[in-house]
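A.B. asks: A structural model of the following input is requested.
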Amino acid sequence: MMKKKSDKILRHTASERINHWVVAIFFVFTAFSGLGFFFPSLNWFMNILGTPQLSRLLHPFTGVAMVFFFIFMFFRYFKYNSVDKDDLVWAKNIHKVLQNEEAGDIGHYNLGQKGIYWTLSLSLIVLTVSGIIIWRPYFADYFSIPVIRIALLAHSLSAILLIITVIVHAYAAFWVKGSIRSMIEGWVTRGWAKKHHPRWYREILEEEKKEAESKLNQK
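C.D. replies: Numbers count the residues shown, from 1 in each chain. Purely as a prediction, here's the structure:
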């Protein structure tokens, strides 16, 4: 059943959605090829970039591309991801959240979404720094063997954390009905916004009110 246009609220612009899915595509290439390197039983994952040889060559470049496009997401969403007192209310009532209820006067993102944002950001910083240190033949020769070993460990652990975080992010998106649509079509219903992000919904109403008043004043 088609929703009325007046019932739709823009959640993500076209540029935000494109940015998100470009990062997701590069993540898939980088994560699968990386798992192929890490686990011998998953060597066949390296075929995602053509051949194992190509994967070893292209893995660092797809990783750099993923980080590059994520930088735009980081700065675009930075203002929404500071923790406030309502996030603490959300955390204290996590048992209700797990029952698909909402708690706290949530703004654009809840504490769980903010946690994913910061975990992704920190993981990618560690992956970038450690990846540069171990990147042969370009940079590895500038570092000692002990430093390279530490970088390999940090790279592997942060990669596993990144993959787990993305899985949690994807699961939550499917679990909260309407979330996937917002990242594909860009919009959510007013009921969805009011239920899951009431403070953000009030901000939208305030913007609509100001816009309506502005149009009246122009007549």
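
A.B. asks: if we look at the helix or strand bottoming out on mean pLDDT in the chain, which residues are touching it?
C.D. replies: Sorted by mean pLDDT, DSSP states H and E, the helices and strands of the chain end with helix 94-97, the least confident at a mean of 81. Applying C-beta atoms under 8 Å, 6 or more residues apart in numbering, the external contacts of helix 94-97 come out as 90, 102, 103, 110, 112. Where you see a C-beta, it was placed from the backbone N, CA and C, and this is true even at glycine.

A.B. asks: With stretch 139-159 instead?
C.D. replies: 31, 34, 38, 123, 126, 127, 129, 130, 131, 132, 133, 134.

A.B. asks: Show me which parts of the longest helix belonging to the chain are buried, residue by residue.
C.D. replies: Looking across the chain with DSSP state H, the single longest helix is helix 145-175. Residues of helix 145-175 classed as buried: 148, 151, 154-155, 158-159, 161-163, 165-166, 169, 173 (neighbour count, 16 or more other C-beta atoms under 10 Å).

A.B. asks: Could you point out the bridge partners of residue 10 in the sheet?
C.D. replies: When assigned by DSSP bridges, residue 10 has beta-bridge partners residue 187.

A.B. asks: wait, it sits on residue 190?
C.D. replies: No - with contact defined as C-beta atoms under 8 Å, residue 10 does not reach residue 190; the gap is 11.7 Å.

A.B. asks: Helices of this structure, residue ranges please.
C.D. replies: Under DSSP H, the chain gives helices at 14-38, 52-77, 85-92, 94-97, 111-134, 145-175, 179-184, 190-196, 198-218.
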